[in-house]
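J.: following is a predicted model, sequence given first.
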Amino acid sequence: MPGLVVAASAALVAWLVHLAVPAVPILTAAVALGIVVGQVPALRPALAGGLAPGLRVAARRLLRLGIVLLGLKLSLVDIATLGWVSILTTVAVVVVTFVGTIGLGRALGLPGHQPVLVASGFAICGASAIGAMAATVRARDEEQAVPVALVTLCGTLAIAVLPALWHPLGLSTTGFGHWVGAGVHDVGQVVATAQLAGSAALAVAVVVKLTRVLMLAPMVAITAAVERRRAIEPTGPRPAIVPLFVAGFLAAVLLNTFVPLPEPVLAGADLVQTALLATALFALGASIRFAELARTGWRALVVGLTSWALVAALAYGAVLIG
């Protein structure tokens, strides 16, 4: 309980930060707060001791529940309104970024599951995707620290960098929204960036972004299948091809698509989902140690920045094609 209470309290603080500065997404504030807490030497004994069990529950179980509820944001009808060209180019951006980032990460010698975790965060939906993929490949909490830090850093920078490039790149309002939705990592960061161009850009950006979020299920399933084939002990436990929380995510998408849910239900689910993910992402952020990143993280930084540039360039190309 102590770790859960601390993580939930931090999520509340992140919400207050968002209210004070609306441009700062709640989830970004939660991760950043966790990162700051993790750097305070006096707090580390508590983080590794009495708070550790609750923080692990937050980073794993609450994250999975939040991802399930994230499915209620998606409607296949809304995605279909984009048109086949936009849908296919969005899928292509996700796949090419995912595969390219994994290849670069392995070429630069990133350890363990870091290549696939960085790829998930930049290609799909930020820290939420990292947590989902980590659960699927059974990555250690320490392996998630660098990818979460990188995707938070780059997603936060995108809020300032992409609007500055809007007019120089000659994008229309809706074109800018499409670019943001296809190229920014976390849903909250997409909203914070696209709203600067008005409601039309925001609407397009959210639908494009949620199309990328929908790719979480097949990418996780494919990765799980690959992990099963690579398992050293065929008789031992292997990752499920479709983890239970991913099946729940898909069920939520179908429910929102085919069942007319009342608006208060959707609003309540959105509030709970944000609270769960903010709590989980604080716990993930608290596991990050900058001193360790400084010694071992330069390769991951190169991979992350390159992946960010790749997804932004591919997203811009998708806008021009669409």
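T.: Yep, it's here. On a predicted model such as this, the values are computed, not experimentally measured, just so you know.
J.: alpha carbons only for contacts and neighbour counts from here, please
T.: Fine.
J.: how deep is Val57 tucked in, by neighbour count?
T.: Number of residues near Val57 (other CA atoms under 10 Å) recorded here: 16.
J.: could you measure from the residue lying closest to it once chain neighbours are set aside over to Thr97?
T.: In this structure, Val57 finds its nearest non-sequential neighbour in Leu4, 7.5 Å apart by CA to CA, 6 or more residues apart in numbering. Distance from Leu4 to Thr97, counting by CA to CA, to the nearest Å: 34 Å.
J.: higher neighbour count, those two?
T.: Thr97 (25 against 22).
J.: contacting residues around the more buried one?
T.: 119, 122-123, 307, 310-311 (CA atoms under 8 Å, 6 or more residues apart in numbering).
J.: run the chain-centre distance for stretch 38-49.
T.: In terms of CA atoms, centre = their mean, to the nearest Å, the centre of stretch 38-49 is set 25 Å apart from its chain centre.
J.: what's the end-to-end length of that stretch?
T.: 13 Å.
J.: list the buried residues in that stretch.
T.: Across stretch 38-49, burial judged by 16 or more other CA atoms under 10 Å covers 38-39, 47.
J.: and if you look at stretch 108-119?
T.: Quick answer for stretch 108-119 (16+ other CA under 10 Å): 110, 113-119.
J.: now secondary structure, pLDDT and distance to Ala182 too, for those, in CSV please.
T.: CSV is the format used below for these (DSSP: H, G, I helix; E, B strand; the rest coil; pLDDT from 0 to 100; distance: CA to CA, whole Å):
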residue, secondary structure, pLDDT, distance to Ala182
Leu110, coil, 85, 26
His113, coil, 86, 24
Gln114, helix, 88, 23
Pro115, helix, 90, 21
Val116, helix, 90, 19
Leu117, helix, 91, 19
Val118, helix, 91, 17
Ala119, helix, 91, 15
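J.: go through those residues and name the one nearest Thr89.
T.: Among the buried residues of stretch 108-119, Ala119 lies closest to Thr89 (CA to CA), at 17.8 Å.
J.: quick one on the thing from earlier: ok, the residue nearest to Val57 touching Gly54?
T.: Yes - counting by CA atoms under 8 Å, Leu4 does reach Gly54; the two are 4.6 Å apart.
J.: tell me the contacts of the nearest residue to Ala194 once chain neighbours are set aside?
T.: Distances taken as CA to CA, 6+ apart put Leu202 closest to Ala194, at 4.9 Å, once the chain neighbours are dropped. Taking CA under 8 Å, 6+ apart, we find Leu202 in contact with 177, 191, 194-195.
J.: run the last query once more with 6 Å
T.: 177, 194-195 (CA atoms under 6 Å, 6 or more residues apart in numbering).
J.: got it, and Leu74?
T.: Val253.
J.: what distance do you get for it to Val68?
T.: For Leu74, the distance to Val68 - CA to CA - is 11 Å.
J.: what's the answer for Pro53, then?
T.: Counting by CA to CA - Pro53 and Val68 are separated by 22 Å.
J.: same deal with Ala107?
T.: 34 Å.
J.: next: Val93.
T.: 24 Å.
J.: same drill for these two, tell me which one is more crowded.
T.: Val93 (25 against 21).
J.: for the strand or helix carrying Val5, packing partners?
T.: Using DSSP states H and E, Val5 sits in helix 2-20. In terms of contacts (3 or more CA pairs under 6 Å, 6 or more residues apart in numbering; DSSP states H and E), helix 2-20 is packed against helix 26-38, helix 52-57, helix 263-285.
J.: list of residues touching the last one?
T.: Contacts of helix 263-285 from elsewhere in the structure, counted by CA under 6 Å, 6+ apart, are 7-8, 11, 27, 30-31, 34-35, 55, 58-59, 62-63, 66, 69.
J.: just the CA atoms of it, as CSV, please.
T.: The C-alpha trace of helix 263-285 is given here as CSV (Å, rounded to 0.1, in the frame of the first residue of the first chain):
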residue,chain,number,x,y,z
GLU,A,263,-21.1,9.9,-22.6
PRO,A,264,-20.8,9.9,-18.8
VAL,A,265,-19.5,6.3,-19.0
LEU,A,266,-16.9,7.2,-21.5
ALA,A,267,-15.9,10.3,-19.6
GLY,A,268,-15.6,8.3,-16.4
ALA,A,269,-13.6,5.6,-18.1
ASP,A,270,-11.3,8.2,-19.5
LEU,A,271,-10.7,9.7,-16.1
VAL,A,272,-9.9,6.3,-14.6
GLN,A,273,-7.7,5.4,-17.5
THR,A,274,-5.7,8.6,-17.1
ALA,A,275,-5.4,8.1,-13.3
LEU,A,276,-4.2,4.5,-13.8
LEU,A,277,-1.6,5.4,-16.4
ALA,A,278,-0.4,8.5,-14.5
THR,A,279,0.1,6.4,-11.4
ALA,A,280,1.9,3.7,-13.4
LEU,A,281,4.2,6.1,-15.3
PHE,A,282,5.2,7.8,-12.1
ALA,A,283,6.4,4.4,-10.8
LEU,A,284,8.3,3.8,-14.1
GLY,A,285,9.9,7.2,-13.9
